[in-house]
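**Student:** need coordinates for the following:
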Amino acid sequence: MKFFACTILLIGGILAIYFFWPESTSLPKMGTVTDWELTEVGTEEVPAHDKPKLITFFYTNCPDICPTTMIDLQNLQQSMEDEGITEDQYLIVSVTLDPAYDTEERILQYKEAFGISSDNWLFLRGSEKEIRGFTKSFNFVYEKNKDGFLTHSTSMYIVDSKNQIRSIHDMAVGDKKVNTEEILHHFMQLIKEAE
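**Tutor:** Residues are numbered from 1 along each chain as shown. Okay, the predicted model is just below:
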């Protein structure tokens with residue numbers, strides 16, 4: 001009889017955990033992005049940012065990290081589409097770190113070279129001061145030396161629809177690709193959270 005009662009309690013406990021345990025834990029809130037003065041290349045508008053977005057930084061002269069990251073992010077877009085997530089549910093935001101060199105024309109050529117034409121992939125630029133202010137929200141570090149060579153952090157950030165930084169991801173570095181599966185999972189969480 002005791003065995004039967006213990007078995008029932010054990011099964012009941014397992015079922016309770018199964019039905020009441022959250023599907024996933026919520027992503028932490030790591031800070032707020034407040035400085036959105038940058039404009040979208042080609043439109044001169046400050047874009048709406050009321051949906052989950054991946055913020056990444058680049059410059060068009062970057063020899064390695066930026067271009068390989070762009071390729072991986074194109075793969076991310078395909079994975080999002082494969083999961084039934086439409087382009088109107090999220091944004092990819094690429095911000096130039098070198099506005100003096102990265103003119104609108106150069107950035108548009110860069111987009112074209114990578115075949116990026118999605119409406120939800122925004123390329124932003126602003127003055128050096130505006131970009132510095134924007135990167136401070138993320139504690140993103142970059143520096144341009146006197147020869148014009150730029151070094152920068154290799155982090156990307158997922159920001160929710162309320163402009164809270166929710167996760168940090170690595171750009172493509174060397175043989176290490178962007179973890180698009182993890183970014184996809186985080187986007188799915190934030191899209192569901194915003195519903």
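**Student:** please identify the helix or strand for the residue sitting nearest the centre point of the chain.
**Tutor:** If you average the C-alpha coordinates of the chain and look for the closest C-alpha using Cα atoms, centre = their mean, you land on L54, 1.7 Å from that point. For L54, the enclosing helix or strand under DSSP states H and E is strand 53-58.
**Student:** who does that strand pair up with?
**Tutor:** According to DSSP bridges, the neighbouring strands of strand 53-58, each with its direction, are strand 91-96 (parallel), strand 155-159 (antiparallel).
**Student:** return the distance of the shortest one from the chain's centre.
**Tutor:** What it means is strand 155-159. Relative to the centre of its chain, strand 155-159 is centred 4 Å away, using Cα atoms, centre = their mean, to the nearest Å.
**Student:** how about stretch 111-124?
**Tutor:** Centroid displacement of stretch 111-124 relative to its chain, using Cα atoms, centre = their mean, is 15 Å.
**Student:** mind listing what's buried in that stretch?
**Tutor:** The neighbour-count check on stretch 111-124 (16 or more other Cβ atoms under 10 Å) flags K111, I116, N120, W121, L122, F123, L124 as buried. For glycine as for every other residue, the C-beta is placed from the backbone atoms N, C-alpha and C.
**Student:** and stretch 75-84, by the same measure?
**Tutor:** Neighbour-count burial for stretch 75-84 flags L76, Q77, M80 (criterion: 16+ other Cβ under 10 Å).
**Student:** and the contacts of that stretch?
**Tutor:** Contacts of stretch 75-84 from elsewhere in the structure, counted by Cβ atoms under 8 Å, 6 or more residues apart in numbering, are 54, 87, 90, 92, 118, 121, 178, 180-181, 183-184, 187-188.
**Student:** give me the pLDDT value at L91.
**Tutor:** Predicted confidence (pLDDT) for L91: 92.
**Student:** show me what it is bridged to.
**Tutor:** Note on L91: beta-bridge partners K53, judged by DSSP bridges.
**Student:** check contacts around it.
**Tutor:** P47, H49, K51, P52, K53, L54, N120, W121, L122.
**Student:** the strands paired with strand 53-58: which one's closest to S167?
**Tutor:** Between S167 and the strands paired with strand 53-58, the tightest spacing by Cβ to Cβ is seen for strand 155-159, at 4.5 Å.
**Student:** buried residues in that closest one, which are they?
**Tutor:** Going by neighbour count (16+ other Cβ under 10 Å), the buried part of strand 155-159 is S155, M156, Y157, I158, V159.
**Student:** and after the helix or strand of the chain with the lowest mean pLDDT, which helix or strand comes next?
**Tutor:** Lowest on mean pLDDT, DSSP states H and E among the helices and strands of the chain sits helix 2-20, with a mean of 52. Tracing the chain C-terminally past helix 2-20 and defining elements by DSSP H and E, one meets strand 39-40 next.
**Student:** show me what that following strand pairs with in its sheet, parallel or antiparallel.
**Tutor:** Looking at strand 39-40 with DSSP bridges, what it pairs with is strand 121-125 (antiparallel).
**Student:** much appreciated, bye for now.
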